[in-house]
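Peer 1: got a predicted structure plus its sequence, pasted below:
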Amino acid sequence: MSSPIYYVNGEFVPASKATLSITDLGILRAYACFDYFRTFGGVPQTLKLNILRLRKSCSQILLDFPWTDEEISAILMETLRRNQKTPTEDWGLRIVVTGGKSDPDSFFHGGHGKNPL
């Protein structure tokens, strides 16, 4: 089995290179949101709803969600394409958005300069 491909910090990388910084706010303060979807017959059935739910979750904790629906959909579909052995192979994808790297000089501010408190 080949190594899964992940999309991390703007690039597609093999699992062995998919890392987050120890200063990422998702790790330090659980300042993150996620959603999960499955494919059926290789096709995500609820992708629009998953993106909407993720966007709403991020909004509720003042977490920046910088992608348009089209951009995040394209990233997810490309991630799926890079991991499928056949076009109809089913997968589950977890989408995780974090606050990014913490500003080491400030307890409150994260990678996007927003105060989650």
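Peer 2: Thanks, I have it. Residues are numbered from 1 along each chain as shown.
Peer 1: Arg81 - how many residues pack around it?
Peer 2: Around Arg81 sit 11 other residues, with neighbours defined as other C-beta atoms under 10 Å. C-beta: built from backbone N, CA, C; applies to glycine.
Peer 1: so which elements touch the helix or strand containing it?
Peer 2: Arg81 is part of helix 69-83 when elements are defined by DSSP states H and E. Helix 69-83 is packed against strand 5-8, strand 11-14, strand 43-44, helix 47-60, strand 92-98, with contacts defined by 3 or more C-beta pairs under 8 Å, 6 or more residues apart in numbering; DSSP states H and E.
Peer 1: buried ones in it?
Peer 2: Of the residues in helix 69-83, those buried by neighbour count under the rule 16 or more other C-beta atoms under 10 Å are Ile72, Ser73, Leu76, Thr79, Leu80, Asn83.
Peer 1: contact partners of that helix?
Peer 2: Helix 69-83 is touched from outside by 4-7, 12, 39, 44, 47-48, 51-52, 54-55, 67, 91, 93, 95, with contacts defined as C-beta atoms under 8 Å, 6 or more residues apart in numbering.
Peer 1: only alpha carbons, please: show that helix as CSV.
Peer 2: These are the backbone C-alpha positions of helix 69-83, laid out as CSV (Å, rounded to 0.1, in the frame of the first residue of the first chain):
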residue,chain,number,x,y,z
ASP,A,69,-16.2,26.9,-1.2
GLU,A,70,-14.9,26.3,-4.7
GLU,A,71,-11.2,26.4,-3.5
ILE,A,72,-11.7,24.1,-0.6
SER,A,73,-13.8,21.7,-2.7
ALA,A,74,-11.0,21.6,-5.4
ILE,A,75,-8.4,20.9,-2.7
LEU,A,76,-10.5,18.1,-1.2
MET,A,77,-11.2,16.6,-4.7
GLU,A,78,-7.5,16.7,-5.6
THR,A,79,-6.6,15.0,-2.3
LEU,A,80,-9.1,12.3,-3.0
ARG,A,81,-7.9,11.9,-6.6
ARG,A,82,-4.3,11.6,-5.4
ASN,A,83,-5.2,8.8,-2.9
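Peer 1: I appreciate the help and will end here.
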